[in-house]
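**Student:** the following block contains a protein sequence and its predicted model.
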Amino acid sequence: MSIAITLHILATVIWIGGMFFAHMILRPSAAEKLEPPQRLPLWVAVFERFFFWVWIAVIILPITGYWMIHIFGGMGNSGNYVQIMHVIGWVMIFIFSYIYFQPYQALKVAVASENYPEGGKQINTIRLLVTTNLILGISTSIIASGGKYLGV
């Protein structure tokens with residue numbers, strides 16, 4: 001159990017922390033200091049490195065989550081807060097998968113061809129989806145840490 005919860009929390013911290021850093025710190029700093037021809041290639045490089053780690057988290061989180069649910073006797077013995085985390089987690093994975101396979105791929109093509117207006121459209125789509133996932137991730141963290149005690 002200690003391995004499952006440790007890996008689960010570590011994957012969560014990497015994913016949500018990375019989104020928070022990118023959205024709240026890197027994005028406004030890059031927008032303030034860099035023009036689109038410099039900013040968009042930076043985002044491609046950042047996403048390439050970050051998404052590697054998110055894919056690891058996307059694999060670890062369901063495995064460890066189901067492992068812990070199994071240890072506690074199955075979903076029927078889990079509290080509502082666990083079931084809420086389960087649903088939100090899969091929504092987040094779906095959103096991330098969409099980001100990776102659609103706007104991120106289009107962003108890479110746009111940057112490679114120096115089509116910065118198209119790259120800007122794709123980065124805005126990614127920003128909105130990452131914002132959604134960040135809100136979901138923070139909400140899930142609140143539910144995970146306090147759900148049992150908040151009556152969720």
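**Tutor:** Yes, it's here. All of these numbers come straight from a predicted model, not from anything done at the bench. Numbering: from 1, shown residues only.
**Student:** residue ranges of the helices in this structure, please?
**Tutor:** For the chain, the helices defined by DSSP state H cover 2-21, 27-33, 36-71, 80-101, 103-112, 116-150.
**Student:** so what secondary structure elements neighbour the second one?
**Tutor:** Contacts of helix 27-33 with other secondary structure elements, assessed using 3 or more Cβ pairs under 8 Å, 6 or more residues apart in numbering; DSSP states H and E, are made with helix 36-71. The way it works is simple: take the backbone N, C-alpha and C, and place the C-beta from them, glycine included.
**Student:** winner for burial among the helices of the chain?
**Tutor:** Greatest average neighbour count among the helices of the chain goes to helix 103-112 (a mean of 18), per mean count of other Cβ atoms under 10 Å.
**Student:** who touches it?
**Tutor:** For helix 103-112, contacts defined as Cβ atoms under 8 Å, 6 or more residues apart in numbering pick out 40-41, 43-44, 47, 51, 115-116, 118-119, 122-123, 125-126, 129.
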